[in-house]
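# Mind looking at a prediction? Sequence and model below.
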Amino acid sequence: MTKGCRTQITRVCQALQTIMQPEFLDRWLETPNNAFEGLKPLDLIKRGEVERLWRMIFEVQSGALS
């Protein structure tokens, strides 16, 4: 895993802690997610598609998904 990938994971995890309990982060990152066409959130980061995670985080934070 590249340093840039690790940096993205760290930043995303910090943001995710604002919308979910930290103890669920590892499992959530490693679980296939229908919102991402069955990909694991970590796979999105590895594929360079981290913007999809940022969009989801923004939508949850802003209440757009309520």
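Thanks, I have it.
# Which element, helix or strand, includes the spatially most central residue of the chain?
Geometric centre of the chain, nearest residue: Leu53, 4.5 Å, by C-alpha atoms, centre = their mean. Assigned by DSSP states H and E, Leu53 belongs to helix 50-62.
# Same question for Trp28.
helix 25-30.
# on contacts alone, who are the packing partners of the lowest-mean-pLDDT helix or strand in the chain?
Ranked by mean pLDDT, DSSP states H and E, the helix or strand of the chain with the weakest confidence is helix 3-16, at a mean of 91. In terms of contacts (3 or more C-beta pairs under 8 Å, 6 or more residues apart in numbering; DSSP states H and E), helix 3-16 is packed against helix 25-30, helix 41-46, helix 50-62. Any C-beta I mention is one placed from the backbone N, CA and C, and that applies to glycine too.
# can you rerun that using 7 Å?
Applying 3 or more C-beta pairs under 7 Å, 6 or more residues apart in numbering; DSSP states H and E, we find helix 3-16 packed against helix 41-46, helix 50-62.
# buried ones in the first one?
What that stands for is helix 41-46. 41-42, 44-46 (16 or more other C-beta atoms under 10 Å).
# next one: stretch 49-58
Per 16+ other C-beta under 10 Å, stretch 49-58 contains these buried residues: 50, 52-53, 56-57.
# Redo the residues you listed as JSON lines? Include distance to Ala35 and pLDDT.
JSON lines is the format used below for the buried residues of stretch 49-58 (distance: C-beta to C-beta, whole Å; pLDDT from 0 to 100):
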{"residue": "Val50", "distance to Ala35": "14", "pLDDT": "95"}
{"residue": "Arg52", "distance to Ala35": "9", "pLDDT": "96"}
{"residue": "Leu53", "distance to Ala35": "10", "pLDDT": "96"}
{"residue": "Met56", "distance to Ala35": "7", "pLDDT": "94"}
{"residue": "Ile57", "distance to Ala35": "12", "pLDDT": "95"}
